[in-house]
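starting from these lines, generate the structure:
(one chain, ligands or ions: 2)
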Amino acid sequence: MALPRVDVFHNGAVRLGSNTVCDGYAEGFDYRVQTHIHDDHMGDFNKSKGMQDIFMSQETKALLISELNADIEYRDNVISLNWNTVKDLEDGTKLTFVRSGHMLGSAQVVVEHSDGFRCGYSGDFAWPISEVIQVDELVVDSTYGNPASVRKYTQGEAESRLLEIVSQRLRQGSVHIHAHRGTIERVLHVLSTNVGVPILASKRLIGEISVYQANGFAAGSIIRIDSEEGRSCSSALGSQSYIRLYAKGDGFKNELIEGTSISCSAFMTKPDNPVIEYSERAYGVALTNHADFQGTIEYIRATGAKEVVTDNTRSHGVDLAVAINSRLSGVNAQPSSNLAAFSAG
Ligand SMILES: [Zn+2]
Ligand SMILES: [Zn+2]
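Numbering: from 1, shown residues only. Ligands and ions are numbered 1, 2, ... in the order given. Next up is the predicted model:
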């Protein structure tokens with residue numbers, strides 16, 4: 001039986017042809033592409049490190065070095081690529097990365113085969129974005145593949161609502177904000193020039209933010225929570241208000257002894273309002289760097305793909321495939337098979 005040329009294996013590895021997988025490991029594939037550093041895309045990374053050549057953007061590599069503090073910097077099978085630059089691989093395919101706008105370093109991926117066949121993976125992507133990969137077959141992220149996942153507000157509106165809540169709640173005490181990596185840096189960007197209080201974070205998060213800063217991201221200074229200054233800001237004796245930022249591994253609690261908690265993530269319970277008030281001291285703000293359903297459809301159209309596989313391992317692949325087939329004429333979509341990863345031979 002002929003294997004499809006693109007698919008997603010049950011472990012989330014996105015297959016582009018017979019020798020390259022993205023964001024997961026599959027036996028028999030020489031190459032892995034790492035589109036970005038979010039956890040649901042990091043599966044079996046250590047296994048890949050021992051078995052495959054791994055390609056990623058320079059920014060993604062810098063973030064991984066900062067996070068894992070491991071041998072990544074020195075391994076010759078961890079290879080960083082420049083944007084929009086074709087890399088000729090030893091198996092005769094050509095690999096290209098284009099920015100996806102989802103977080104620092106995040107990539108769309110194209111693998112071009114020697115017969116001219118071009119397949120690609122969107123990775124997680126924002127919409128609109130300045131450049132879209134051009135491919136024959138596409139694997140698309142389906143996070144907001146459900147037609148109900150539509151936002152009737154802009155991300156700029158969500159940001160100003162966040163600023164409004166933070167400014168207001170700082171008068172009552174400290175404000176504690178949790179978001180995904182990539183989004184937390186946006187929160188910082190919005191707040192740092194607009195609120196006159198100290199901003200605190202963990203050593204790990206400050207390390208991540210400094211990678212953003214090294215790549216041209218503007219943010220004011222941040223105080224380490226475990227420094228003397230940090231301790232005096234956050235102690236009960238501190239007379240001043242402050243903001244604490246939390247991301248992966250920072251132990252965010254919704255129930256605080258003091259202060260206000262705000263979760264920034266892309267929930268969609270209210271399509272026309274980016275804010276949910278859980279109580280006077282707990283809020284959700286729908287900040288996201290992910291295209292919504294409408295953006296996903298527009299993205300697919302812009303790639304020119306005639307065959308589309310929707311990632312049904314991480315999210316709503318079936319809903320999205322149905323929607324594509326009914327809305328985009330000349331495009332054939334199906335959800336990923338989620339077969340066990342095996343050697344393509
Ligand atoms: Zn992501
Ligand atoms: Zn994802």
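
mind checking the SS state of the nearest residue to residue 101 once chain neighbours are set aside?
Of all residues not flanking residue 101 in the chain, residue 126 sits nearest, at 3.5 Å (C-beta to C-beta, 6 or more residues apart in numbering). Just so you know, the C-beta spots here come from the backbone N, C-alpha and C atoms, and that holds for glycine as well. Under DSSP: H, G, I helix; E, B strand; the rest coil, residue 126 falls in the coil class.

check the gap between residue 126 and ligand 2 for me.
Distance, residue 126 to ligand 2, by C-beta to the ion, to the nearest Å: 12 Å.

ok, now residue 318?
Residue 318 sits 17 Å away from ligand 2 when distances are taken as C-beta to the ion.

hang on, that residue packs against residue 334?
No - the pair residue 318 / residue 334 is not scored as a contact, 9.3 Å apart, by C-beta atoms under 8 Å.

identify the contacts common to these two.
Each of residue 310 lies in contact with both residue 318 and residue 334 under the rule C-beta atoms under 8 Å, 6 or more residues apart in numbering.

what residues of the helix or strand of the chain with the lowest mean pLDDT count as buried?
When each helix and strand of the chain is scored by mean pLDDT, DSSP states H and E, helix 228-234 comes last, with a mean of 88. Within helix 228-234, the residues scored as buried using 16 or more other C-beta atoms under 10 Å are 230, 233-234.

what about the stretch 1-150 of the chain, any weak spots by pLDDT?
1-4 (pLDDT under 70).

where does it come near ligand 1, residue by residue?
38, 124 (C-beta under 5 Å from the ion).

which parts of the stretch 1-150 of the chain sit against ligand 2?
So the stretch 1-150 of the chain meets ligand 2 at 40, 124 (C-beta under 5 Å from the ion).

circling back to that earlier point, and ligand 1, which of the buried residues of helix 228-234 contact it?
Within the buried residues of helix 228-234, nothing lies near ligand 1 by C-beta under 5 Å from the ion.

out of those residues, which is nearest to ligand 1?
residue 230 (28.8 Å; C-beta to the ion).

and the residue nearest to residue 101, how many residues sit next to it?
Residues lying near residue 126 (other C-beta atoms under 10 Å) number 19.

and if you look at the one 4 residues further on?
Taking other C-beta under 10 Å as the criterion, the count of residues near residue 130 is 7.

for it, what is the enclosing helix or strand?
Following DSSP states H and E, one finds residue 130 outside all helices and strands.

same check on residue 261?
Using DSSP H and E, residue 261 sits within strand 260-264.

and the least confident helix or strand of the chain, how far out from the chain's middle?
Relative to its chain's centre, helix 228-234 lies at 31 Å (C-alpha atoms, centre = their mean, to the nearest Å).

does anything pack onto the helix or strand just after that helix? Which helices or strands?
Downstream of helix 228-234, the first helix or strand assigned by DSSP H and E is strand 243-246. For strand 243-246, the packing partners by 3 or more C-beta pairs under 8 Å, 6 or more residues apart in numbering; DSSP states H and E come out as strand 175-179, helix 183-192, strand 199-201.

possible to save these as TSV with mean pLDDT, distance to ligand 2 and mean neighbour count?
Listed next are the helices and strands packed on strand 243-246 as TSV, based on pLDDT from 0 to 100; distance: least, C-beta to the ion, whole Å; neighbours: other C-beta atoms under 10 Å:
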stretch	mean pLDDT	distance to ligand 2	mean neighbour count
strand 175-179	95	15	26
helix 183-192	93	12	21
strand 199-201	96	23	23
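
adding distance to ligand 1, write the ones you listed out as JSON lines.
Converted to JSON lines, the helices and strands packed on strand 243-246 look like this (distance: least, C-beta to the ion, whole Å):
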{"stretch": "strand 175-179", "distance to ligand 1": "12"}
{"stretch": "helix 183-192", "distance to ligand 1": "10"}
{"stretch": "strand 199-201", "distance to ligand 1": "20"}
